[in-house]
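K.L.:
Next comes the sequence, and after it the predicted model I'd like to discuss.
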Amino acid sequence: MPTLTKNKQAPTTGSKGRPRGGSSRLSLLLKVVPAALAALVGLVLLARWLRDVPAVAAFLSDYPGEYDLPQGAPVGFPAWLGWQHFLNAFFLLLIVRTGWLVRATKRPQGHWTRSNTGRFRTRNAPTKISLNLWLHLSLDALWVLNGIVFYVLLFATGQWMRIVPTSWEVFPNALSVAIQYASLAWPTENGWVNYNALQQLAYFVTVFVAAPLAIATGIRMSGAWPKDATRLNRVYPVELARAVHFPVMLYFVGFVIVHVTLVLASGALRNLNHMYAANDGDSWVGFWYFAGSLVVMAVGWVLARPLFIGPVASLTGKVTR
């Protein structure tokens, strides 16, 4: 298959024939990276200074970073939570990748048109979409299905008590944890028994705010939304969905980066055992499960291309290149 270019116009070049786009990006990185590092150093120094202030030291003593969970809260992590964690990470990785490709690709390498016969027949005429968008929507459906299973198990087993705040003490404790993290002095904790307050707030927002927002805005932007619902479209315009959907994606990317960094920096083996091996030990079992999950994600990343997804998409529609 011939390679399609996004733009036939030759790139703008400088006086020595070098593309200006690459040099401008390099120049931006040379400015942003040192500034970001300087800001991080300043934040650490500020946090360390604050910890020596008597009032702040007393605050950290009164609010060490966590509060007691409700009576009957489960201890530890069941095996199903490890599988859910992997599947959510796997789907999110490919959803973000395909979503970015849908946003950035001007000339897709393939398109898909839904079949309008047999069990796929509907009153709405089929619309041609890119293969990237087809994969994005398909992964969304799997992610939502996995999320439904997650919600059911979360409330059926009482695990919700670990990520839903049940006391106003969560806020001062979360501030305390933020200061401790910023000063590079990790709070004393055991996630097997109880998350710290900042983790709890982050997980709550991710599960009960960001995920539903991603679904609600994604449905509004998809072809499944009724186009002839004038009043409903006026109340919930597609422009609003687009304005929210992309920042939610950025939130997920930022959450994953911070989450993985803290998992590896604050006791990697024990944390990976919690997440992947359902035990509270310091063995290498969780690490190897984690390494295997990375291999699966890498394979999924490679296979998420028109060459491989085209035959699958053709089972429910017509694929054109």
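P.N.:
Great, that's in hand.
K.L.:
low-scoring pLDDT stretches of the stretch 101-250 of the chain, where are they?
P.N.:
116-125 (pLDDT under 70).
K.L.:
All the strands of it, residue numbers only.
P.N.:
Using DSSP state E, counting those that start in this stretch, the strands of the stretch 101-250 of the chain run over residues 111-114, 128-130.
K.L.:
Relative to the last one, what are the paired strands and their orientations?
P.N.:
Translated: strand 128-130. With DSSP bridges as the test, strand 128-130 is paired with strand 111-114 (antiparallel).
K.L.:
Between the strands of the stretch 101-250 of the chain, which one is closest to Thr188.
P.N.:
Minimum separation from Thr188 across the strands of the stretch 101-250 of the chain (C-beta to C-beta) falls at strand 128-130, 50.0 Å. Every C-beta, even on glycine, is put in place using the N, C-alpha and C of the backbone.
K.L.:
State the mean pLDDT of the longest helix seen in the chain.
P.N.:
As assigned by DSSP state H, the longest helix anywhere in the chain is helix 20-51. Helix 20-51 carries an average pLDDT of 83.
K.L.:
circling back to that earlier point, among the strands of the stretch 101-250 of the chain, show me which one is buried the most.
P.N.:
strand 111-114 (a mean of 20; mean count of other C-beta atoms under 10 Å).
K.L.:
Can you give the contact residues for that one?
P.N.:
120, 126-131, 134, 313-314, 316-321 (C-beta atoms under 8 Å, 6 or more residues apart in numbering).
K.L.:
Can you say which of these are buried?
P.N.:
The neighbour count (16 or more other C-beta atoms under 10 Å) marks 126, 129-131, 134, 313, 317, 319 as buried among the contacts of strand 111-114.
K.L.:
Looking at the residues you listed, which is nearest His259?
P.N.:
Trp134 (29.1 Å).
K.L.:
any idea how far the closest one lies from Thr217?
P.N.:
19 Å (C-beta to C-beta, to the nearest Å).
K.L.:
ok, now Leu272?
P.N.:
Taking C-beta to C-beta, one finds Leu272 at 33 Å from Thr217.
K.L.:
Arg162 too?
P.N.:
On the measure of C-beta to C-beta, Arg162 and Thr217 end up 27 Å apart.
K.L.:
Same question for Val207.
P.N.:
17 Å.
K.L.:
These two - which one has more neighbours?
P.N.:
In this view Val207 and Thr217 are compared by other C-beta atoms under 10 Å, and Thr217 has more residues nearby, 22 against 18.
K.L.:
ok, for the residue minimising distance to the centre of the chain, nearest residue in space, not its chain neighbours?
P.N.:
Taking C-alpha atoms, centre = their mean as the criterion, Phe252 is the residue nearest the geometric centre of the chain, at 3.1 Å. Excluding the flanking residues, the one nearest Phe252 by C-beta to C-beta, 6 or more residues apart in numbering is Leu92, at 6.0 Å.
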